[in-house]
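Peer 1: how would this look folded up:
(chains A, B, C and D, ligands or ions: 4)
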Amino acid sequence: MIGLRREFGMLVALVLMCLGLYLSNPDFLSQSNIVNTSRQISMLGIFAVGTAFVIITGGIDLSIGSIIGLTGVIIARLSSPSFDGLGLSLWIGIPVALAVAVLIGWIQGVLITRLDLQPFIVTLGGMLLLRGVSQTIVKGGTIGFGSSRFTELSDSGLLFCHGDPLISYPVIIFLAIVLMGAYVLHFTVFGRYVYAIGGNRDAAAYSGINVKRVETLTYVISAGLAGVAGVCYAAYIGQMSQQVGIAYELYAIAAAVIGGCSLRGGEGTIFGIIIGSGIMRVIDNGINMFQLKYQTPDGQHRIWRLDPNWNFIIIGAVILLAVIVDQLAHIVQLKRRTRRVAATGKGEAQPPEPGNPKLRPTET
Amino acid sequence: MIGLRREFGMLVALVLMCLGLYLSNPDFLSQSNIVNTSRQISMLGIFAVGTAFVIITGGIDLSIGSIIGLTGVIIARLSSPSFDGLGLSLWIGIPVALAVAVLIGWIQGVLITRLDLQPFIVTLGGMLLLRGVSQTIVKGGTIGFGSSRFTELSDSGLLFCHGDPLISYPVIIFLAIVLMGAYVLHFTVFGRYVYAIGGNRDAAAYSGINVKRVETLTYVISAGLAGVAGVCYAAYIGQMSQQVGIAYELYAIAAAVIGGCSLRGGEGTIFGIIIGSGIMRVIDNGINMFQLKYQTPDGQHRIWRLDPNWNFIIIGAVILLAVIVDQLAHIVQLKRRTRRVAATGKGEAQPPEPGNPKLRPTET
Amino acid sequence: EKEGASSSSSTPTVAPASGPSASAGASATPAAGEAPKIFKASDPSALKLAFVTNNTSEFWKIASAGVHKYEKEANIQVDIKMPPNGKTEEQNSTLENLVSQGYNGIAVSVIAPADQVQNINRAAKKTNVITFDSDSASSNRLLYIGTNNFAAGQTLGKEIVKLLPSGGKMAVFVGTFSADNAAQRLKGIEDTIKGHNIEIVARKEDATDRAKARSNVEDVLNAYSDLNLVTGLWSYNGPAIAAALDASGKKGKVLAAVFDEEQGTLDGIKSGTIQCTCVQKPFQFGYLSSKWLHDLATQGDAIKLPEGRVIDTGVDIINSANVADFEKNLASMKAGA
Amino acid sequence: MSNSAPIHLEMRGIVKRFPGVVALGGVSLHVRGGEVLALMGENGAGKSTLMKILGGAYPADEGQLFIDGEEVVFRKVSDAKRRGIALIHQELMLAPNLDIAGNIFLGGEARGAMGRLSRSEMIARSRVLLNRVGLALPPTTQVSSLTAGQMQMVEIARALALDARAVIMDEPTSSLTAGESEHLFKIIRTLRGQGIAIIYISHRMEEVLKLSDRITVLRDGRNVGELPAAEATQDKIVSLMVGRAFTHRFPDRAPLPADTPARLVVEDLLVPGAPSGVSFTARRGEIVGFAGLVGAGRTELMQCIFGVDRPLAGRMILDGQGYSPKKPRDAIAAGVYLAPEDRKRHGLVLPMTIAQNTSLPDIANYTPRGWLNRRREVRVAQAERERMAIKAPTVQVKTVNLSGGNQQKVVLGKWLAMTPKVLILDEPTRGIDVGAKAEIYRHMADMAAAGITILMVSSEMEEVIGMSDRVIVMHERRMIGILRREELTQDRIGALMTGRVEQIEHDRPITTDTAA
Ligand SMILES: Nc1ncnc2c1ncn2[C@@H]1O[C@H](COP(=O)(O)OP(=O)(O)OP(=O)(O)O)[C@@H](O)[C@H]1O
Ligand SMILES: Nc1ncnc2c1ncn2[C@@H]1O[C@H](COP(=O)(O)OP(=O)(O)OP(=O)(O)O)[C@@H](O)[C@H]1O
Ligand SMILES: [Mg+2]
Ligand SMILES: [Mg+2]
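Peer 2: Ligands and ions are numbered 1, 2, ... in the order given. Prediction:
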């Protein structure tokens, strides 16, 4: 189940991107840019890991962005010292917000599994509804955290160097989640069930796996980690409005797919999620960092930078390129293997069918 | 394939909603509100019909909103009389924009079918990339149509009454598309192929259907109708920025699902799309129209209206309720049929399965 | 459009993105032709009045406070409508809906002034329409109440020149430059800094993603090590700038001059991260709009419209000297919301 | 293996209803450890449903279940597993993205601390189990790369892994051929010797007679009889199953005249992955059987002829014309049709009705004026329903609700509604009961008599011998022999199938005669 071809291909792409950016602008590897970019990667990665669990079972979770927003909004409402907040302790605000996130995941999971509804539509409904709830809580406005200690959660960290932390807390949280996620997904029975369900839901059910419970749990994990990401984003932004988190689910899904998850289920690794999140965020950062020095005809030194309007173009193109190149490589590889078989005349162990890991013809 | 249970259930829901709104606010059925709401329904319906084709083959198209935006942006750039437009004839601007939309659909379709890529990720890439292209064309700004005749496309129409048209052009376009769509989907070979592919892609191919071409065509139809909708929206809004159309694909998908399409493919009707679009837009309109008259303790007449922050809550809740109630009704119906069998003890004609033709173990 | 866009385009200059047709600024076009018709309500005891904003944001809470204050004073009802996504088409359909319901007066902060002329005129045929915050000067609206964003840009521009007496490099952040208020404010700034050796080296959009708003600032601070000043055009850009400057230790090394009065901005001023902010008077928008709607509907043609049919509410510069007073004042206004 | 005493399993008065149908109307059954009970019945008789109830996959609506005299209730699969009941489903139930070991222990993983998978332990135990079922593959092989037969063996290994007291096998041999089946029988006998109860479902009469101790027959969801194996004969069982006496299995067919013209000529057709090309000539009205072990490459060959895959070399001639299909569409246009091995995956659009499935390949001819002629569609489908004797009240029934045999008949009917030149039948009777089988054989004979050429891939020796005019035997993707009708014996085919001998009789002369 762990064929890391795609993951390694993307790792190479990521390293090349970083190299190119460094050559174009040495500040890309400045301490402060590394801290910022690693924090960005981590905050995306935290909820992308959750998304991966859902995607590997063959589901999808569109409500993540709204959960991120709602978590922050709840914390703001409960714990902000400002006028609109209730000024409660963060030790109340954060746990309550996380509990709400988990509860939402559980409700969505139950609807999807017990009522046999389609994940896309349930989480789409959830996405809209929760966005509305956030909006109602902030009454269409903004709640700031003011100078509360909360914002340190994103700004502070470990290993101080010139007064700034080298590793910010979101990075530490992300690492912890990666370790736990990788353990659960790749080394436990639960993780095995996640893959089995994505591979063949019926077979999993007939094997005595409690498919509904496992699936529900994946939505709980997804929502829970979105909640954790929500806490980080709230601290990072320092104020909440209903707009926070819009469309983040798409970034998580894109990160997962770039990192080797298949939306058909059954495929993907935590390692891939790290790479995918890295690529997404390095693109973002790179659009701001990329520069080319040149001389005008009259000998002046100028710097050319990317037009910010190209942001979406570049992200969209990278996603498309990633899947296209990967698929072409895959097809070429299959062709080559077929040819080799033809040459040696030996039918050795068969490769899995192209991108379609369904059972081969058998019969009723 | 045409079991209209869901469609009729939703029709009843729609009629009840309209009745309730009329009782709360008689202006709901005023000429001007009917004209406005029917135009809104039509503009959503136009591209929801296209979405239906894709969904029935079991695919998904997330790029629709971006195509709507891009179409309008292209028309604005080519034909706007304003500073940023080239001032060409609309007879050039509109056909070029539509051709671009069709071409985009074709490219996405080809990527999905020929390279066997996942529709979700291809159209997600397309969505981001095209949004970026729109942004580049408007250079991050706004292009207005000024007082060009173009805006009449949405504002004018037929059957004038008190100087205002009773039936606006978008409604006429929508009706034409509904008729054509219903004909193609329900009465032609192509439509039959669309259902067959959604039902079982492999079996369709083994029956001699050119699956790839039919599927590609559904993406062309989807993008083309998004283009038509884009023309209408451009005329309606009167100016284009890169923001137009964001998230519209989600509304179309929601309309399709409410109207009885299954995202698993193989199910759905044009009739359902009309109902689904109607429900989505009447909710929107209803949020503005709904009112309750009441008297304050000191005898003053006041009117209670919905908090606009509830907009998303209501839309999300309606989507969730629609699928939940439908599924519960379905389960009850199945139970009843099982009980009836028990009473007569006869194994008569087999009923269609739960919209989910897999055999499922009860528990796992 | 969009959140935090606390305002408008009522300026004598051409909005770069809106084309020549936008050139009619409020102060420059005192009532071209005679004033449009004013509708007097047939039943003044059951007035239907609406206050339509351009989006939902904190800014409008202050305006709402003004609306509520007048509601209490005059014992009437004014419905506040906030298009949740801040989109033109949302606002247009809200206007349509209100007219369908026979409202006696509508005050609107126009999202796209040049292009909603027809929509506003259609409404103005049936009811009293006034604009606030963001005008559509070439339409048949009766009155505009608001700030002049170009002038506001100039005001902040002067502060920037003061902050950078020997010139320097600055960066601009906003949700989208396509919004008229952003364009006007930027224009005003550019107009003022011209000739003072100040260069705008980066312009970044965040499409209202607040996390991106902050990471944009961080990226720019890293990519342009010789930056002297940052400015944010929309309300949430202020807090994003404050957070990024604080976290990167550039506080005081890179100066900040922003717009609007979000809490994070005021905190930034108090802690010295942000040097100044240029604020409008949204409370006045709400209060005056409600009052005028009420008066127009009850008095009809008898009323006398102000000179040029524009009421300029002006702007204030808030800095460390007056921030405490301002905040207290703000809190009491919001308490009334 | 199992230390516990031999089990005594009893089901009493089991009733199971589905919406619109009573699958089981009060079935009883009992079996003891050390006994092989065969469960027989026509398609749709309720065998699989009964076994799914026993395996905990469905709850029963009524009835009781006793294990060693104690009443038990299974709410989920794991309840049954815990009681030592292992069910091998009729359909392969494997997760293709996991490896063999992962599938064998799916749902019963060896665990370490904190839910940790103990992979090494599972791999080690898998090795032993694979050895027992005779599958010489590393346990870390991904399941998606296995052949159907190998997958079936993994399923069996999975049942063994449970240390079950009772093992239920629902048509385990349907994708196995002689050798593998024999191996399976050996395993079954060993299990019986260890005091394990076996319930064995199969439509293959010889297997059942050879293997079982007792035979229980179901019809329409009810018990209709039980026989000790010693007293059972094919005729007795069949008449219980179908409710009437039953005579000929294979229809009598006159030998083809020597001068019958050729229809399909295949020359050196090199299937991707095959070591050498295949050549043969099929004549008009001829039934050519294709025998071979699982994975012998017959399905792949047929898919090349039908245009699903493209050959690397060689050519084909159909009725004197060059024939090189690039897609199934081309083959269908030329009159070459394929009834695929996996009808659920390739043969039918299950959520569509019988009528819609019947018209699907020919639907372009149903639109005289741009509109689908639905009435004609129904008429044609009704004619096919009568011709094939499909058991369904109307042709508007969705095919998902038909039993396997009836589904197969719909697939055949859809091709017969058109006019085939060559009809390829890949395992036409797999999983089909004797009654339906006989009907399908009769239709095949009729088709051949009407001049249709039939290429029949089959893993059932009897069927190959009983129906074919000639038989082509394949071994490891090579064509290893052609046998004429008079040469057809079990031994001869068997020897070729296993690659022990080789016999290619060149019938090129016909090729050149007609192609010229
Ligand atoms: N999940 C289900 N929903 C509705 N009907 C079902 C379901 N499962 C089985 N049936 C029906 O129950 C009856 C018994 O089916 P079952 O699969 O048990 O037959 P079988 O004896 O195993 O047949 P075969 O030999 O073809 O495998 C059939 O009429 C079938 O259509
Ligand atoms: N899609 C595929 N991808 C990879 N290998 C395949 C595929 N289809 C078939 N094979 C392999 O090709 C070989 C021949 O398979 P084929 O199905 O043609 O054999 P067969 O004689 O029809 O056997 P069966 O009785 O299983 O149908 C087998 O080793 C099989 O694993
Ligand atoms: Mg069965
Ligand atoms: Mg085969």
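Peer 1: CA atoms for contacts and neighbours, from now on please.
Peer 2: Fine.
Peer 1: name the element A:Gly125 belongs to?
Peer 2: In this structure, A:Gly125 is located in helix A:119-137 according to DSSP states H and E.
Peer 1: I meant D:Ala23, not that one.
Peer 2: Counting by DSSP H and E, the element that carries D:Ala23 is strand D:21-32.
Peer 1: please see if that strand touches ligand 1.
Peer 2: Yes: applying C-alpha under 6 Å from any ligand atom, one finds strand D:21-32 touching ligand 1 at D:Ala23.
Peer 1: any part of the helix or strand following that strand near chain A?
Peer 2: Using DSSP H and E, the next helix or strand after strand D:21-32 towards the C-terminus is strand D:36-41. No: Strand D:36-41 stays out of contact with chain A when judged by C-alpha under 8 Å from any C-alpha of the partner chain, the minimum separation being 15.3 Å.
Peer 1: residues in contact with the lowest-mean-pLDDT helix or strand in chain C?
Peer 2: Each helix and strand of chain C was given a mean pLDDT (mean pLDDT, DSSP states H and E); the minimum falls on helix C:88-100 at a mean of 82. Contacts of helix C:88-100 with the rest of the structure, by C-alpha atoms under 8 Å, 6 or more residues apart in numbering or on different chains, involve B:27-28, B:30-33, B:36, B:236-237, B:285, B:288-289, C:1, C:50, C:52, C:54, C:81, C:83, C:111-112, C:116, C:119-120, C:123, C:126-127.
Peer 1: make it 6 Å
Peer 2: Defining contact as C-alpha atoms under 6 Å, 6 or more residues apart in numbering or on different chains, one finds that helix C:88-100 is touched by B:Ser32, B:Asn33, B:Ile237, C:Pro83, C:Ile111.
Peer 1: next, D:Glu71: phi, psi?
Peer 2: Backbone dihedrals for D:Glu71, given as degrees, to the nearest 10, come out at phi -70, psi 130.
Peer 1: hmm, back to that, looking at the contacts of helix C:88-100, state which has the most neighbours.
Peer 2: For those, neighbours were counted by other C-alpha atoms under 10 Å in any protein chain shown; the highest total belongs to C:Ile111, with 31 neighbours.
Peer 1: what about D:Ala383, neighbour count?
Peer 2: Using other C-alpha under 10 Å, the number of residues around D:Ala383 comes to 14.
Peer 1: relative to D:Arg343, how far out is it?
Peer 2: 21 Å (C-alpha to C-alpha, to the nearest Å).
Peer 1: quick one: list the elements packing against the helix or strand harbouring C:Phe51.
Peer 2: Using DSSP H and E, C:Phe51 sits in strand C:49-52. Using 3 or more C-alpha pairs under 6 Å, 6 or more residues apart in numbering or on different chains; DSSP states H and E as the contact test, the elements touching strand C:49-52 are strand C:78-81, strand C:105-108.
Peer 1: list the strands paired with it, with their directions.
Peer 2: Sheet pairing of strand C:49-52 (DSSP bridges) gives strand C:78-81 (parallel), strand C:105-108 (parallel).
Peer 1: the helices and strands packed on strand C:49-52: lowest mean pLDDT?
Peer 2: Taking the mean pLDDT of each of the helices and strands packed on strand C:49-52, the lowest value is held by strand C:78-81, a mean of 88.
Peer 1: in the stretch 151-300 of chain C, what residue lies closest to chain B?
Peer 2: The stretch 151-300 of chain C approaches chain B most closely through C:Ser178 (3.6 Å), counting by C-alpha to the nearest C-alpha.
Peer 1: for that residue, the count of nearby residues, please.
Peer 2: For C:Ser178, the tally of surrounding residues (other C-alpha under 10 Å) stands at 26.
Peer 1: just the one 4 residues further on next, same as before
Peer 2: Neighbourhood size, C:Ala182 [other C-alpha under 10 Å]: 28.
Peer 1: contacting residues for it?
Peer 2: By C-alpha under 6 Å, 6+ apart, C:Ala182 lies in contact with C:Leu233.
Peer 1: show the pLDDT at it.
Peer 2: Note on C:Ala182: pLDDT of 86.
Peer 1: again, but for the one 10 residues further on
Peer 2: The score at C:Thr192 is 93. That number is its pLDDT.
Peer 1: do the same with the one 10 residues further on
Peer 2: Among the per-residue scores, C:Ala202 shows a pLDDT of 87.
Peer 1: on that earlier part again, I'd like the average pLDDT over the helix holding A:Gly125.
Peer 2: 92.
Peer 1: could you do stretch A:221-229 as well?
Peer 2: The average pLDDT for stretch A:221-229 rounds to 97.
Peer 1: same question for stretch A:332-350.
Peer 2: Along stretch A:332-350, the predicted local confidence has a mean pLDDT of 61.
Peer 1: swap in stretch D:175-187?
Peer 2: Confidence over stretch D:175-187, taken as the mean pLDDT, stands at 82.
Peer 1: quick one: that stretch to chain centroid distance?
Peer 2: 14 Å (C-alpha atoms, centre = their mean, to the nearest Å).
Peer 1: which residues of the chain score low on pLDDT?
Peer 2: Looking at chain A here, since you left the chain open. For chain A, applying pLDDT under 70 flags the ranges A:1-3, A:147-148, A:163, A:338-364.
Peer 1: can you look at chain D instead?
Peer 2: When residues are selected by pLDDT under 70, those of chain D lie in D:1-4, D:177, D:244-248, D:294, D:500, D:502-516.
Peer 1: correct me if wrong: D:Pro420 contacts D:Gly335.
Peer 2: Yes: in this structure D:Pro420 lies within contact range of D:Gly335 using C-alpha atoms under 6 Å: 4.9 Å.
Peer 1: same drill for the two, tell me which one is more crowded.
Peer 2: Under the neighbour definition other C-alpha under 10 Å, D:Pro420 and D:Gly335 were set side by side, and D:Pro420 has more, 21 against 18.
Peer 1: ok, now which ones touch that one?
Peer 2: Neighbour list for D:Pro420: D:Gly335 [criterion: C-alpha under 6 Å, 6+ apart].
Peer 1: helix, strand, or coil at it?
Peer 2: coil (DSSP: H, G, I helix; E, B strand; the rest coil).
Peer 1: quick one: it from chain C, how far?
Peer 2: For D:Pro420, the distance to chain C under the criterion C-alpha to the nearest C-alpha, to the nearest Å works out to 59 Å.
Peer 1: go on, A:Leu88?
Peer 2: Separation of A:Leu88 from chain C (C-alpha to the nearest C-alpha): 18 Å.
Peer 1: pretty sure that residue sits in a helix.
Peer 2: No: the assignment for A:Leu88 is coil, going by three-state DSSP, so no helix is present there.
Peer 1: ok so, going back, and the strand holding D:Ala23, what does it pack onto?
Peer 2: Using 3+ C-alpha pairs under 6 Å, 6+ apart as the contact criterion, the neighbours of strand D:21-32 among helices and strands are strand D:8-18, strand D:222-228.
Peer 1: next one: the last one to chain centre, how far?
Peer 2: In this case it means strand D:222-228. On C-alpha atoms, centre = their mean, the centre of strand D:222-228 falls 24 Å from that of its chain.
Peer 1: is it positioned near chain B?
Peer 2: No: taking C-alpha under 6 Å from any C-alpha of the partner chain as the criterion, strand D:222-228 and chain B are apart, separated by no less than 12.4 Å.
Peer 1: between that strand and strand D:8-18, how many degrees?
Peer 2: Counting by axes from the mean of the first three to the mean of the last three C-alpha atoms, to 10 degrees, strand D:222-228 points 150 degrees away from the direction of strand D:8-18.
Peer 1: in whichever helix or strand comes after strand D:222-228, what's buried?
Peer 2: Tracing the chain C-terminally past strand D:222-228 and defining elements by DSSP H and E, one meets helix D:234-242 next. Neighbour-count burial for helix D:234-242 flags D:Ile237, D:Val238, D:Leu240, D:Met241, D:Val242 (criterion: 16 or more other C-alpha atoms under 10 Å in any protein chain shown).
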